[in-house]
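J.: Here is a sequence with its predicted model. Questions after.
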Amino acid sequence: MDPELLAAARAVRRSAYAPYSRFKVGAALRDERGRIHVGCNVENAAYPLGTCAEAGAIAAMIAAGGKRFQAVAIVGNGAAACAPCGGCRQRLYEFGLPGAFAILAGASSRRVVSRPLVELLPLAFGPHNLVEAS
Ligand code: THU
């Protein structure tokens, strides 16, 4: 567990712009140097243009010079542990260090689910697949 990372995800969730779904998400990444980078979902009246919290956190990490993350914390509405969407599982897979884990929580509960990142995307497509490109 990483209480500081979870607290960062809970805090940034409050900044989410989610007037359409009303589902606010906060995400926080702990990079290879121990730094925390955060993101929240940002929706748009043109619905498909909305971005997930995880995408924002990854962008912040890369912009700050981070390379990979040791852990990600994700917090959504309600009490249920917020599972990342399929697209974000792929996004996260790209940047997770070996042994990286995911901490999933809901805003109104202290209950937390922690899982190795690789368990969220079995048989993942990744950079290793592209070395065979001709
Ligand atoms: N959302 C995220 O930010 N991350 C996820 O992994 C799941 C979904 C956002 C997208 C949209 O703004 C809202 O939650 C409802 O789907």
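T.: Sure thing, it's come through. Since the model is a prediction, treat every value here as computed from it, not as a measurement.
J.: ok, N44 - contacts?
T.: For N44, the contact set (C-beta atoms under 8 Å, 6 or more residues apart in numbering) comprises G50. Every residue, glycine included, has its C-beta placed from N, CA and C.
J.: residues of stretch 72-90 that come out buried?
T.: 72-77, 81-82, 84, 88-89 (16 or more other C-beta atoms under 10 Å).
J.: So which of these are in strands?
T.: Among those, the members falling in strands (DSSP state E) are 72-76.
J.: And for the lowest-mean-pLDDT helix or strand in the chain, what's in contact with it?
T.: Confidence across the helices and strands of the chain bottoms out at helix 127-130, with a mean of 93, counting by mean pLDDT, DSSP states H and E. For helix 127-130, the external contacting residues (C-beta under 8 Å, 6+ apart) are E94.
J.: Give me the buried positions along that helix.
T.: Buried residues in helix 127-130, counting neighbours by 16+ other C-beta under 10 Å, are absent.
J.: mind checking how far it is from the chain centre?
T.: 22 Å (C-alpha atoms, centre = their mean, to the nearest Å).
J.: How about stretch 43-59?
T.: Remark: stretch 43-59 is offset 12 Å from the chain centroid, using C-alpha atoms, centre = their mean.
J.: in that stretch, what counts as buried?
T.: By neighbour count on 16+ other C-beta under 10 Å, the buried set for stretch 43-59 is 43, 50, 52-58.
J.: want to throw those into CSV with pLDDT, distance to L6 and secondary structure?
T.: Below are the buried residues of stretch 43-59 laid out as CSV (pLDDT from 0 to 100; distance: C-beta to C-beta, whole Å; DSSP: H, G, I helix; E, B strand; the rest coil):
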residue, pLDDT, distance to L6, secondary structure
E43, 98, 23, coil
G50, 98, 24, coil
C52, 98, 18, coil
A53, 98, 13, helix
E54, 98, 15, helix
A55, 98, 19, helix
G56, 98, 17, helix
A57, 99, 13, helix
I58, 99, 18, helix
